[in-house]
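S.K.: Everything below, folded, please.
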Amino acid sequence: MAANPLTNAVRRFIALGLAVCLALPSLAVAQPPSSGTGPVAAPPSPSAPPAVPADSILLRFGGVRPDACAGVNVGSGGRVALPLDYRIGPGDQIDVQLAGRLEVARQQAVVDPEGSISLPPVGRVHVDRLTVLEAQRKVNEQLRGLFKFMDATLSIGVPRCFEVVLTGEVERPGATQASAMRRIHEVILLSGGVTSRGSVRYVDLISRTGAQRTVDLLRFELLGDLSQNPLVEEGLRIHVPPRSGYVTLSGAVRRPGTYELSPRRSLREVLDLMGGVSQGAAASQARLTRAGADGRNDTFGVDLPRVLTPPADVVLQPGDVLYVPPGAVLQDVVEVRGAFNGTGDSAKTTTTGKPTIVQRIELAQGDRIRDLLVKAGGPSPLADLRLAVIERSGSGGPRRQIPVDLQRLLVEKEEYQNIPLENGDVFMLPAVEDKVYVLGEAKAPGPQDFRAGLTVREYLTLAGGPTVRARFKNAIVTFRDGRTFKVDEAPPVEPGAVVSIPEVSVRWYQDYIAILGAVAGVVTTYAGLFLLFGGKLTTTGQ
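M.R.: Residues are numbered from 1 along each chain as shown. You can find the predicted model right below:
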């Protein structure tokens, strides 16, 4: 059968195309080679860990989570901020970037048990116990012998993970897994921390070679001394011994409390570590109390400015108590508490979920309420201006409260509210209430969110409605300023108001039935006794 001319033409076209592809392979469809002019990243190896998603807990802070032991690759997505004293060891995964004139290649290498990495085309490079910068210099030294214009950059992709043993006075002693980027303090905290019996100044570190050193974690906690909080090592054993002797600091010192003594038992060292004495303290009149040999306490004066001038010092003994008295009051002061804007020196607190402050402020002669408001930053938007109060001590008598209406002082300009202040006054400005309290015979008594325009009945509905024993017509509404109204005569409800719903004395037939039942019980008891004694009730002795 004769071939179709169209079929023959198609066959000839396909044959021609195949011949061209075989003759000119560069014209075939293929991926561009890695030796192009632009930097091309090397394809990921099959064993490389998956990329970390952007919304993972490992946020791209430019670092790595300290407890990441394996399965996290941050070598290319976010460089690890290594500690300066971090040294490479077997198990570390290192990201290597080789940059030439025309191309950039990336690869990963894992430090083998002998402490070496294999980097084509350099070969094996021993990097054990080197810092990353030292290892990078060593790789570049070998690389320059092969390629004149090529540089290597090293970073830690995944730090090694190993076993560390904790013993002694820790909450959860035993073996635990730790990353090489962990420090001693972190590992102890992850194991529950030091017990109340444990020492934080004599923590023993025993390496796998048997070398031992003691670190003072208190110096790290208070002064940030990293030499006392080294990185963990493979095979390390951390032992927390029981707490030894301690000394107590009290009075006008920066950090009063009980502290463990160091081996030097130096008073100057303890005070330096705890921040010294407070400003204005009577340091020359300090007193040191010490237990004597017969069990009695001996107290003697200590002139701190003199004895703490190097090289002078005082050697402490376990159980010593140092008291530094506060200095004489050189300036009148008042204390402000509550809903003020505050200043940079104010201590921020929270009262009923609203921001408040506590601050001691020096008084100038003639200062009044308005002057104090300026020094405290003014009342905050959450302040209840009508309920401010000054708490003042009388001369030898109890403290009394003086109400101050800041609404009249600041808004209505009534100067009689601008009373003068005295030393030791406490000025309290409460935050405005945003609740209405429904109490008494409600199904769900308690605070209800204030909503403008709601009536007392509507607030009672929010509280679940009245109980069967509620007497709503006798309900009382009490406002924050002390005004009390019957429910039918009360003005619109304000924040902080209290709605009290009383209980009826007798309610419907249930109460009458209960009363009749009690009476019937008494009658039945008396009738039973009467019949028991044959109709005669006698009294003994008659």
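S.K.: how would you label the closest residue to residue 234 other than its chain neighbours: helix, strand or coil?
M.R.: With sequence-adjacent residues excluded and distances taken as C-beta to C-beta, 6 or more residues apart in numbering, residue 234 is closest to residue 162, at 4.1 Å. Bear in mind the C-beta positions are built from the backbone N, C-alpha and C, glycine included. The three-state assignment at residue 162 reads strand, by DSSP: H, G, I helix; E, B strand; the rest coil.
S.K.: In this structure residue 201 contacts residue 218, no?
M.R.: Yes: if you go by C-beta atoms under 8 Å, residue 201 and residue 218 touch, sitting 5.2 Å apart.
S.K.: shared neighbours, these two?
M.R.: Jointly contacting residue 201 and residue 218 under the rule C-beta atoms under 8 Å, 6 or more residues apart in numbering are residue 260.
S.K.: pLDDT on the lengthiest helix in the chain, on average?
M.R.: Ranked by residue count under DSSP state H, the longest helix found in the chain is helix 508-532. On average, the pLDDT along helix 508-532 is 74.
S.K.: just checking, what packs against it?
M.R.: Packed against helix 508-532, as judged by 3 or more C-beta pairs under 8 Å, 6 or more residues apart in numbering; DSSP states H and E, are no other helices or strands.
S.K.: tell me the contacts of residue 333?
M.R.: 360-363, 423-424.
S.K.: wait, I meant residue 383
M.R.: Contacts of residue 383 (C-beta under 8 Å, 6+ apart): 338-340, 406, 429-432.
S.K.: Nearest to residue 175 among the residues you listed?
M.R.: For these, the minimum distance to residue 175 (C-beta to C-beta) is 51.6 Å, reached by residue 431.
S.K.: The closest one contacts residue 350, correct?
M.R.: No: using C-beta under 8 Å, residue 431 is not in contact with residue 350; the gap is 9.7 Å.
S.K.: Chain neighbours aside, what residue packs nearest to residue 402?
M.R.: Using C-beta to C-beta, 6+ apart, the closest residue to residue 402 is residue 390 (4.4 Å).
S.K.: Neighbours of the one you found, how many?
M.R.: Using other C-beta atoms under 10 Å, residue 390 is surrounded by 19 other residues.
S.K.: From here on, call the first residue 35.
M.R.: Yes, from this point I'll number from 35; that puts the last item at residue 424.
S.K.: and it, how far is that from residue 221?
M.R.: 53 Å (C-beta to C-beta, to the nearest Å).
S.K.: For the chain, give me the ranges with low pLDDT.
M.R.: 35-115, 362-365, 428-431, 539-546, 568-576 (pLDDT under 70).
S.K.: Remind me which helix or strand the residue nearest in space to the middle of it belongs to.
M.R.: For the chain, the residue nearest the mean C-alpha position is residue 223 (14.1 Å; C-alpha atoms, centre = their mean). Using DSSP states H and E, the element containing residue 223 is helix 218-224.
S.K.: What's the first helix or strand after that helix?
M.R.: Helix 218-224 is succeeded, C-terminally, by strand 237-240 (DSSP H and E).
S.K.: Just the residues contacting that following strand, thanks.
M.R.: In contact with strand 237-240 (C-beta under 8 Å, 6+ apart) are residues 218, 222, 246-251, 264, 270-275.
S.K.: And the next helix or strand after that strand, how far out from the chain middle?
M.R.: Note on strand 237-240: by DSSP H and E, the next helix or strand toward the C-terminus is strand 246-249. The chain centre lies 30 Å from the centre of strand 246-249; the measure is C-alpha atoms, centre = their mean, to the nearest Å.
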